[in-house]
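Asks: sequence-free structure coming up:
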């Protein structure tokens with residue numbers, strides 16, 4: 001049963017959760033791709049090493065079995081006779097081609113799902129989601145919610161699709177939350193879209209992954225994943241105002257929740 005929550009426009013509506021809507025979070029998709037490649041690589045490596053050791057043992061030198069020194073042997077460049085006529089070679093190449101092409105097709109399909117977004121992947125026209133504008137600047141991030149509330153800490157509900165529209169006010173940045181497997185460029189005059197689903201409550205960290213100046217290493221903020229009820233309560237109290245909790249003036253003149261970035265750069 002869908003959960004009732006306050007959507008982007010502030011009107012109560014049905015929210016399709018990750019589990020209820022059958023949507024796989026990008027983090028889950030990338031984790032599955034990693035595990036498949038790891039399992040396949042381990043299997044192939046085990047088979048190759050086992051077959052190599054088997055042939056090394058089978059064709060080891062044995063004085064009582066090996067032919068006499070004057071026996072006729074193939075010359076360099078001459079194809080040996082009596083073999084399988086390349087059957088093993090063609091079989092190994094054929095199996096390798098089938099495995100590689102199948103893996104490429106499966107991986108491409110999974111990445112297309114992440115690229116297109118949850119609506120298309122779920123086969124539905126539209127999914128209720130939380131839309132947040134992300135603006136990067138030297139050296140911090142501003143998060144602007146649909147009601148106009150601006151804050152330097154991203155707060156999102158658990159098990160809900162979160163769309164982020166990322167841009168920059170000055171130089172090139174790159175917005176990423178490694179634990180949630182979301183990452184996109186923040187470019188002045190351009191907006192890049194990405195999405196994620198946080199499946200567990202807690203505090204994560206958003207970083208900048210584009211060298212943008214002397215304060216680049218301090219360009220990080222908290223991403224707080226809350227229960228739906230806690231998020232609804234917090235969101236209803238924002239009233240479209242900038243966050244003023246322990247606020248200080250940022251280098252760009254906008255207020256943020258803490259002065260960590262500017263203080264760290266000053267030090």
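Replies: Good, I have the coordinates. Worth saying up front: this structure is predicted, and the values here are computed from it rather than measured. Residues are numbered from 1 along each chain as shown.
Asks: count of residues packed around the residue nearest to residue 156 when sequence neighbours are not counted?
Replies: In space, and not counting its chain neighbours, residue 156 is closest to residue 162: 4.8 Å by Cβ to Cβ, 6 or more residues apart in numbering. In short, each C-beta sits where N, CA and C put it, glycine included. Taking other Cβ atoms under 10 Å as the criterion, the count of residues near residue 162 is 21.
Asks: Next one: residue 162 from residue 177, what distance?
Replies: Separation of residue 162 from residue 177 (Cβ to Cβ, to the nearest Å): 10 Å.
Asks: overlap in contacts of these two?
Replies: residue 196 (Cβ atoms under 8 Å, 6 or more residues apart in numbering).
Asks: For the closest residue to residue 171 other than its chain neighbours, which residues are in contact?
Replies: If you skip the residues right next to it in sequence, residue 171 has residue 212 as its closest partner in space, 5.2 Å away by Cβ to Cβ, 6+ apart. Under the criterion of Cβ under 8 Å, 6+ apart, the contact partners of residue 212 comprise 136, 138, 139, 171, 172, 173, 219.
Asks: residues of the lengthiest helix in the chain that come out buried?
Replies: For the chain, the helix that runs over the most residues, judged by DSSP state H, is helix 26-58. Buried positions in helix 26-58, judged by neighbour count with 16 or more other Cβ atoms under 10 Å: 26, 27, 29, 33.
Asks: Could you name the helices and strands sitting against the helix or strand harbouring residue 101?
Replies: Counting by DSSP states H and E, the element that carries residue 101 is helix 87-116. Other helices and strands packing on helix 87-116, by 3 or more Cβ pairs under 8 Å, 6 or more residues apart in numbering; DSSP states H and E, are helix 26-58, helix 118-121.
Asks: can you map out the strands along this protein?
Replies: The residue ranges that make up the strands of the chain, judged by DSSP state E, are 3-5, 13-15, 130-137, 140-144, 150-151, 154-157, 161-168, 173-177, 182-186, 192-197, 202-208, 220-226, 248-249, 255-256.
Asks: TSV please, covering the contacts of residue 212 and showing pLDDT.
Replies: Formatted as TSV, these follow (pLDDT from 0 to 100):
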residue	pLDDT
136	95
138	93
139	93
171	94
172	96
173	96
219	94
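Asks: Redo those as TSV? Include distance to residue 191 and neighbour count.
Replies: As requested, the contacts of residue 212 are exported to TSV (distance: Cβ to Cβ, whole Å; neighbours: other Cβ atoms under 10 Å):
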residue	distance to residue 191	neighbour count
136	12	27
138	19	21
139	20	24
171	16	15
172	14	15
173	13	31
219	19	25
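Asks: Make TSV out of those residues and add distance to residue 232.
Replies: Conversion of the contacts of residue 212 to TSV gives the following (distance: Cβ to Cβ, whole Å):
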residue	distance to residue 232
136	28
138	34
139	32
171	36
172	36
173	30
219	30
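Asks: hang on, the earlier thing: would you check that the residue nearest to residue 156 makes contact with residue 130?
Replies: Yes: contact between residue 162 and residue 130 holds when scored by Cβ atoms under 8 Å: they sit 4.9 Å apart.
Asks: Give me the common contacts of these two.
Replies: Listed contacts common to residue 162 and residue 130 are residue 156; contacts here mean Cβ under 8 Å, 6+ apart.
Asks: So what's the residue count around residue 206?
Replies: As a burial measure, the neighbour count of residue 206 was computed by other Cβ under 10 Å and equals 24.
Asks: what is it paired to in the beta sheet?
Replies: residue 221 (DSSP bridges).
Asks: ok, it - contacts?
Replies: For residue 206, the contact set (Cβ under 8 Å, 6+ apart) comprises 141, 154, 175, 176, 177, 220, 221, 222, 223.
Asks: ok, the first one touching residue 135?
Replies: Yes: between residue 141 and residue 135 a contact is recorded at 7.1 Å, counting by Cβ under 8 Å.
Asks: Give me the more crowded residue out of those two.
Replies: Higher neighbour count among residue 141 and residue 135: residue 141, with 26 against 22, using other Cβ under 10 Å.
Asks: Tell me the confidence at that one?
Replies: If you check residue 141, the pLDDT there is 96.
Asks: Which residue is the nearest non-sequential neighbour of it?
Replies: Spatially, and ignoring its direct neighbours in sequence, residue 141 is nearest to residue 221 (5.0 Å; Cβ to Cβ, 6+ apart).
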